[in-house]
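# build the 3D model from these lines:
(2 chains)
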Amino acid sequence: MAITLSADQEVPAPPLSSRLTTPQVWGIVLLAPYALVFLAFVVYPVGYGLWLARHPASYVALWHDPIFARAAVNTLIFLVIGINVKMAIALFLSGFFAQQRTWIKWLSVLFILPWAVPSIPTILSVRFMFNPEWGVVNQLIFKFTGEDGPNWLNDPTVALTMAIGVHIWKSLPFWTLILMTGRLAIPLDLYEAAEVDGASWSQKFRFITWPSMQVLYVTCTLLSMIWTLGDFNSVYLLTGGGPADLTHVLATLGIRYLRLDQLSLAMASIVCAMPFVLPLIYFMMKRLSR
Amino acid sequence: MKLPTLREIGTETKLLLIGIPVFIWTMVPIYHMFLFAISPKEDAFSGKLWPAHPTLNNFYIVFHQQHYFLRDFWIQFLNSVVIALSAGALTLMIATAAAFSISRLRVPGGRWVMNLALLTYFIPAAFLAVPMYRTMGTYGLLNNHWSLILAMVTIASPYAIWVLKQASDKLPVELDEAATMDGATTLQLFRLVYLPLMMPSLVAIGTYAILLAWNEYLYAFLLLSKDTEITLPVALGNFLAADDSPWELLMTTGFIYALPPAAIYYAFKRYMVGGLTAGAVKS
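Model (predicted):
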């Protein structure tokens, strides 16, 4: 051993990168568990899924499935309305919760509840509130008007709107909190200076608040798009995709095909969403991996 | 005492006009759940805003498993606890090791792994569920708690690694250099220098992973199906299988199920707000 070692030193040293130092060996050892998880539960499933979705026939079948077309439209409506309404309200409320009042502080503690509690019981609670016969909403309508209330969840438009409402209810606190941290980072003297100059409320927003929060707002909107695309609970637990499979979104449709044992259709429907998802992912990666 | 000016009254009124609707909007579904939990069936189904005879009988029924849908309540509760804690612990271990390796040891290719992990974070979970279900079948893990635990670790790790890496990048390099100079081995560096300094972030990430696993519905209902193997949310979903579901019991169980995460959230709010929200969206 000793001889080979000393001989080693005499020949020109091999490039340093090929020899690993002890910390680097440890680095590889410590990184290995995640690498294994990643290979086994991300790379393999995704690769396998894409392989399942390789047949053009699946896409033809999807194209001829009216439920798929409906789900695609629903997803678009869900995203466009849900996200914009949610982010606009969050931006507005972030200003409200930034006010220094004791009662607003307490309200903010309660306000976070929808985010802190699991979605299943609360969504089911909403579902029963709108039960046409026994739900509290229709019973109150009957009490005050003497007429039967609408069959809320049986109308696809109303049902989808309510699913969007549930989604907003659940995720609004989180985005309000994030936007609030952004708002609190704006130096107060900017507002004081504007006050002295006699700026109105809308001018302060337009020239101080918005310019400093623009980037954060856009990042939040994009991230929210990705998460909203994957929102299975809001639709599935409220409407179950019904009535007559008219309120599915892509997230629930994939699972529906899976339950019907049409795995290649499930994967194909997800692949169809990719042209939309990939640019978002690319953009978010550029934002976050700096 | 100074009387409030007209303008101040105006501002307060405006704030109240925002605050009251926000309060109602937030609390209605939660109050409705609570209302059902303390109402006997007749009251719950009659649309009252407060029960004529508030009762804790529903809780008694749930805790004593005295209903067809509740016959495995305690074991399902235990399943939820075990899965949430295991997923939390495993995520914490894997993510801390990875973050230490990437950020402090600067392992070759670490940046790559980091970016790949982030990529996973941006795949909508409901989309990954489909191939994941099939893969777990291939691995023979379906109907086994490990499938859900590993799925939750897969989903929680990317964000955990990212947050922990951000936090460890902030620790000064001189710390590691000084420790190494004093003869500390890599493992000692990890155990004696790195872990204590990272504690707040570790608490935040552990809580995040536990809550994620406890709250998970989709993966749980895909991967587990036997009544004694499922977690609470899946059991709640199963209530809907019958037309005449005992909704007051469903809401009671849901209320019990919602309490631990809410309590954990508020107990660790300090860490959650500092450690997570700041990292969630870097502007």
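# skip the chain neighbours and tell me the closest residue to the spatially most central residue of chain A.
The C-alpha lying nearest the average C-alpha coordinate of chain A belongs to A:Trp227 (CA atoms, centre = their mean; 1.5 Å). Sequence neighbours aside, B:Pro124 is the residue nearest to A:Trp227 in space, at 7.0 Å (criterion: CB to CB, 6 or more residues apart in numbering or on different chains). Bear in mind the C-beta positions are built from the backbone N, C-alpha and C, glycine included.
# and that neighbour, how far from A:Asp155?
27 Å (CB to CB, to the nearest Å).
# again with B:Asn144
On the measure of CB to CB, B:Asn144 and A:Asp155 end up 41 Å apart.
# also A:Phe174?
29 Å.
# the more surrounded of the two?
Higher neighbour count among A:Phe174 and A:Asp155: A:Phe174, with 20 against 15, using other CB atoms under 10 Å in any protein chain shown.
# quick check: which ranges of the stretch 1-150 of chain B have low pLDDT?
B:1-2 (pLDDT under 70).
# wait, the stretch 151-290 of chain A
Applying pLDDT under 70 to the stretch 151-290 of chain A flags residues A:289-290.
# what's the closest non-adjacent residue to the residue in it that chain B sits nearest to?
With CB to the nearest CB, the shortest gap between the stretch 151-290 of chain A and chain B falls at A:Gly230, namely 2.6 Å. Leaving aside its sequence neighbours, A:Gly230 sits nearest to B:Pro124 (CB to CB, 6+ apart; 2.6 Å).
# how about the contacts made by that neighbour?
A:Ile226, A:Trp227, A:Leu229, A:Gly230, A:Ala251, A:Val277 (CB atoms under 8 Å, 6 or more residues apart in numbering or on different chains).
# if any of the residues you listed are buried, put those into a PyMOL selection.
In PyMOL syntax, the buried subset of the contacts of B:Pro124 is picked out as below (16 or more other CB atoms under 10 Å in any protein chain shown):
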select buried, chain A and resi 226+227+229+230+251+277
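# can you flag which of the contacts of B:Pro124 belong to helices?
Residues of the contacts of B:Pro124 located in helices (DSSP state H): A:Ile226, A:Trp227, A:Leu229, A:Ala251, A:Val277.
# now these as TSV including distance to B:Leu192?
Putting those into TSV (distance: CB to CB, whole Å) gives the following:
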residue	distance to B:Leu192
A:Ile226	39
A:Trp227	38
A:Leu229	44
A:Ala251	45
A:Val277	43
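# gap between B:Pro131 and A:Gly27?
30 Å.
# and if you look at A:Leu288?
For A:Leu288, the distance to A:Gly27 - CB to CB - is 22 Å.
# and for B:Leu175?
Counting by CB to CB, the gap from B:Leu175 to A:Gly27 is 17 Å.
# in terms of neighbours, single out the busier of the two.
Between B:Leu175 and A:Gly27, counted using other CB under 10 Å, the more crowded position is A:Gly27 (25 against 14).
# which residue, neighbours along the chain excluded, lies closest to the more buried one?
Looking at A:Gly27 with CB to CB, 6+ apart, the closest residue is B:Val107, at 3.0 Å.
# secondary structure class for that neighbour?
What DSSP: H, G, I helix; E, B strand; the rest coil gives for B:Val107 is coil.
# what about residue 146, how many neighbours?
No chain specified, so I'll use chain A. 7.
# my bad, the chain I had in mind was chain B
Neighbour tally, B:Trp146, other CB under 10 Å: 13.
# in what helix or strand does it lie?
helix B:145-169 (DSSP states H and E).
# the next helix or strand after that helix - contacts with which helices or strands?
Once the chain leaves helix B:145-169, the next helix or strand it forms, by DSSP H and E, is helix B:173-181. Here helix B:173-181 touches no other helix or strand, going by 3 or more CB pairs under 8 Å, 6 or more residues apart in numbering or on different chains; DSSP states H and E.
# and helix B:173-181, how far out from the chain middle?
Remark: helix B:173-181 is offset 36 Å from the chain centroid, using CA atoms, centre = their mean, to the nearest Å.
# cool, and stretch B:154-168?
15 Å.
# list the buried residues in the lengthiest helix in chain B.
The single longest helix within chain B, with elements called by DSSP H, is helix B:6-37. Neighbour counts over helix B:6-37 (16+ other CB under 10 Å) mark B:15, B:18-19, B:22-23, B:25-26, B:28-30, B:32-37 as buried.
# for stretch B:132-147, same thing?
Buried, per 16+ other CB under 10 Å, within stretch B:132-147: B:Met132, B:Tyr133, B:Arg134, B:Thr135, B:Met136, B:Leu141, B:Leu142, B:Asn144, B:His145, B:Ser147.
# could you tell me which of these belong to helices?
Reading helices off the buried residues of stretch B:132-147 with DSSP H, I get B:Met132, B:Tyr133, B:Arg134, B:Thr135, B:Met136, B:His145, B:Ser147.
# how near is the residue nearest to the centre of chain A to B:Phe127?
12 Å.
# again, but for A:Thr22
Separation of A:Thr22 from B:Phe127 (CB to CB) stands at 41 Å.
# quick one, which of the two is more surrounded?
B:Phe127 (27 against 10).
# residues near A:Gly149, how many?
Residues near A:Gly149, counting by other CB under 10 Å: 16.
# surely it touches A:Val136?
No - using CB atoms under 8 Å, A:Gly149 makes no contact with A:Val136, being 10.4 Å away.
# need phi/psi at the residue in the stretch 51-200 of chain B that chain A sits nearest to.
Nearest residue of the stretch 51-200 of chain B to chain A, counting by CB to the nearest CB: B:Pro124, 2.6 Å away. Dihedral angles of B:Pro124 (phi, psi; degrees, to the nearest 10) stand at phi -60, psi 130.
# in terms of helices and strands, where is the closest residue to A:Met213 other than its chain neighbours?
Residue nearest to A:Met213 in three dimensions, not counting chain neighbours: A:Gly182, with 5.1 Å by CB to CB, 6+ apart. According to DSSP H and E, A:Gly182 maps onto helix A:156-184.
# which helices and strands does that helix pack with?
By 3+ CB pairs under 8 Å, 6+ apart, helix A:156-184 packs against helix A:66-97, helix A:113-116, helix A:119-129, helix A:210-229, helix A:233-238, helix B:6-37.
# can you redo the ones you listed as JSON lines with distance to A:Gly165?
Below are the helices and strands packed on helix A:156-184 laid out as JSON lines (distance: least, CB to CB, whole Å):
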{"stretch": "helix A:66-97", "distance to A:Gly165": "9"}
{"stretch": "helix A:113-116", "distance to A:Gly165": "12"}
{"stretch": "helix A:119-129", "distance to A:Gly165": "8"}
{"stretch": "helix A:210-229", "distance to A:Gly165": "13"}
{"stretch": "helix A:233-238", "distance to A:Gly165": "9"}
{"stretch": "helix B:6-37", "distance to A:Gly165": "10"}
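# contacting residues for B:Val62?
B:Leu70, B:Phe73, B:Leu249, B:Thr252, B:Thr253, B:Ile256.
# and for A:Met225, the neighbour number?
20.
# over to B:Val107?
For B:Val107, using other CB under 10 Å, the count is 23.
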